[in-house]
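J.: sequence first, predicted coordinates after that:
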Amino acid sequence: MAQSCPLLQRILASSVTAAARAGKIIRDVMSLGELGIVEKGKNDLQTEADRSAQRCIMANLSQQFPKIAIIGEEGPSNCEVPSDWVTLEQDQDVLTKLCPNDYMKVADEDIVVWVDPLDGTSEYTQGLLEHVTVLIGIAVKGKAVAGVIHQPYYNYKQNQQQCKTDNNLGRTLWGLVGMGVGGFTPINPPQNGLVVATTRSHSDKMVQMALDALKPQEIIKVGGAGYKVMLLMEGKANAYVFASKGCKKWDTCAPEAILTAIGGKLTDVHGEYYCYDANVQYPNKGGVFATAKGVNHGELLTKLPQEVRDTLV
C-alpha cells in the first residue's frame, strides 16, 4: 500500500514512526543520566538527546526520501547511527487516509522537512518532561501543510515507574491540511474568558506588553512551541502569543500544520504566514500568534499595541 500512496503522505507516515523512535532515544538518554549539556547561546541549550534524536530522524527520512530537503535545528551530521535507530516502517493510520487532490502529485523538490528533535530542551534538563516534544514539519512550496508532534513523556506523572522501562510510553499527534489529524481528539477552546499560552523562560518587555493588551483571564506559561500549540488543540487555551524573535522555523512548521488542519491559525504578529522554503532565514522575526479553532484570529491581533508590531519586523 505504501508505495501506491502519494509522496507527501508517505513522508508523513514515515515521520510519525521516526518521531516515536526519537522519543524513545530521548527517554533513554534521560534514564542514563548523562545529558551532555552544551550551551549554544544565552538560554539556548543542547543535550545528547537533542543530537541523537536528530540523527535518528535524519537517518530515517533521508534513507527513504533521499531527494527531499531536510533542515534540523542541530545542523547537519554525517555520523553513523545504530541500526536499531532506523525503521522503515510507516504509520498505517496515515496511509489509509485519502490524500487531498492538492497534494497527490507533489514533487521531491517542492518539499522541505523541518526538524526540531527536542523542543523544550531547557524544560527537559529541569525535569518538566510534559513540555518536551519532537517536531517534524513538512512544507510544500513554502507552506506548512503536514506535521508530527510526538510527546515522549505523555502522562509520565501517572506512569513514573514505567518511564524507565516502558518502550511504548508517549503519544504522537499528526495532521495534514485537508486530510485530517490523528493521535488525538481536538477539543474546542475555553468559552468563558480568554486563556493565553506563552513562554515560561523567554519573556521580555514586548512579550509582557502584548499579554497586557489582550487582557486574558488566564495566562499559562509553559515551555516549547509544540506544547503550547497542543494546549490550543486540546481545549486548554484560546491563543498562543509570543511577541519575540526567539522562535525558529523548526519550532513552528509542524505545530502550524496540525493546528491549521483542525481549523486553527498560526501567523506572525502582523497576521502574515511564515514561509518554510529551504532558503529562508531560520528565525521567526515577526513573533508567533496562534489561535484555536473558532477564535477570531484577526480580531485578537488588532488588540496588539503598535509598539509591539513595530519591534517585530
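T.: Arrived safely.

J.: if I pick L300, what's in contact with it?
T.: L214, A239, F289, T291 (Cβ atoms under 8 Å, 6 or more residues apart in numbering). Any C-beta I mention is one placed from the backbone N, CA and C, and that applies to glycine too.

J.: same thing but 7 Å
T.: L214, A239, T291 (Cβ atoms under 7 Å, 6 or more residues apart in numbering).

J.: swap in Q208?
T.: Q208 neighbours (Cβ under 7 Å, 6+ apart): none.

J.: where's it, which helix or strand?
T.: Q208 is part of helix 205-214, with elements assigned from DSSP states H and E.

J.: what's downstream of that helix, the next helix or strand?
T.: The C-terminal neighbour of helix 205-214 among helices and strands, as given by DSSP H and E, is strand 218-222.

J.: right, and the helix or strand after that next one?
T.: helix 225-233.

J.: how far does that next one sit from its chain's centre?
T.: 8 Å (Cα atoms, centre = their mean, to the nearest Å).

J.: so which bits of the helix holding Q208 are buried?
T.: Residues of helix 205-214 classed as buried: M206, V207, A210, L211, A213, L214 (neighbour count, 16 or more other Cβ atoms under 10 Å).

J.: and E80, what pLDDT?
T.: Note on E80: pLDDT of 78.

J.: what distance do you get for it to E74?
T.: Remark: distance between E80 and E74 (Cβ to Cβ, to the nearest Å) = 16 Å.

J.: now do D277
T.: The gap separating D277 from E74 is 20 Å, by Cβ to Cβ.

J.: give me the more crowded residue out of the two.
T.: Neighbour count, other Cβ atoms under 10 Å: between D277 and E74, E74 has more, with 19 against 13.

J.: now the helix holding Q208: mean pLDDT?
T.: 95.

J.: taking strand 218-222 as reference, get the angle to that helix.
T.: Taking axes from the mean of the first three to the mean of the last three Cα atoms, to 10 degrees, one finds helix 205-214 and strand 218-222 inclined to each other by 150 degrees.

J.: off-centre distance for helix 205-214?
T.: 24 Å.

J.: with stretch 119-136 instead?
T.: 11 Å.

J.: what of stretch 285-299?
T.: How far stretch 285-299 lies from its chain's middle: 16 Å, per Cα atoms, centre = their mean.

J.: what sits up against that stretch?
T.: 186, 188-189, 225, 229, 232, 237-245, 247, 252, 259, 262-272, 300-301, 312.

J.: now do the end-to-end distance for it.
T.: Terminal residues of stretch 285-299 lie 22 Å apart, using Cα to Cα, to the nearest Å.

J.: sorry, back to before: reformat the contacts of L300 as TSV; add distance to H150.
T.: Below are the contacts of L300 laid out as TSV (distance: Cβ to Cβ, whole Å):
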residue	distance to H150
L214	30
A239	24
T291	23
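
J.: so what does the residue lying closest to A107 once chain neighbours are set aside look like in phi/psi?
T.: Excluding its sequence neighbours, the residue lying closest to A107 (Cβ to Cβ, 6 or more residues apart in numbering) is L7, at 7.7 Å. The phi/psi pair for L7 (degrees, to the nearest 10) reads phi -50, psi -50.

J.: A144 in helix, strand or coil?
T.: Under the three-state scheme (DSSP: H, G, I helix; E, B strand; the rest coil), A144 adopts strand.

J.: burial measure for it, as a count.
T.: Neighbour number of A144 under other Cβ under 10 Å is 28.

J.: beta partners for it?
T.: A139 (DSSP bridges).

J.: can I assume it is in contact with I258?
T.: No. With contact defined as Cβ atoms under 7 Å, A144 does not count as touching I258 (9.1 Å).

J.: OK, contacts around G224?
T.: G224 touches D119, G120, E123, H131, V132, T133, counting by Cβ under 7 Å, 6+ apart.

J.: distance of the first one relative to I258?
T.: As judged by Cβ to Cβ, D119 and I258 stand 13 Å apart.

J.: before we move on, what about the second one?
T.: When distances are taken as Cβ to Cβ, G120 and I258 turn out to be 17 Å apart.

J.: show me the strands in the stretch 101-250 of the chain, by range?
T.: 111-119, 133-140, 143-151, 171-176, 180-182, 195-199, 218-222, 239-242 (DSSP state E, counting those that start in this stretch).

J.: let's have those in a markdown table, adding distance to D93 and mean pLDDT.
T.: A markdown table is the format used below for the strands of the stretch 101-250 of the chain (distance: least, Cβ to Cβ, whole Å; pLDDT from 0 to 100):
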| stretch | distance to D93 | mean pLDDT |
| --- | --- | --- |
| strand 111-119 | 20 | 97 |
| strand 133-140 | 16 | 98 |
| strand 143-151 | 12 | 98 |
| strand 171-176 | 8 | 98 |
| strand 180-182 | 5 | 98 |
| strand 195-199 | 28 | 97 |
| strand 218-222 | 28 | 97 |
| strand 239-242 | 26 | 98 |
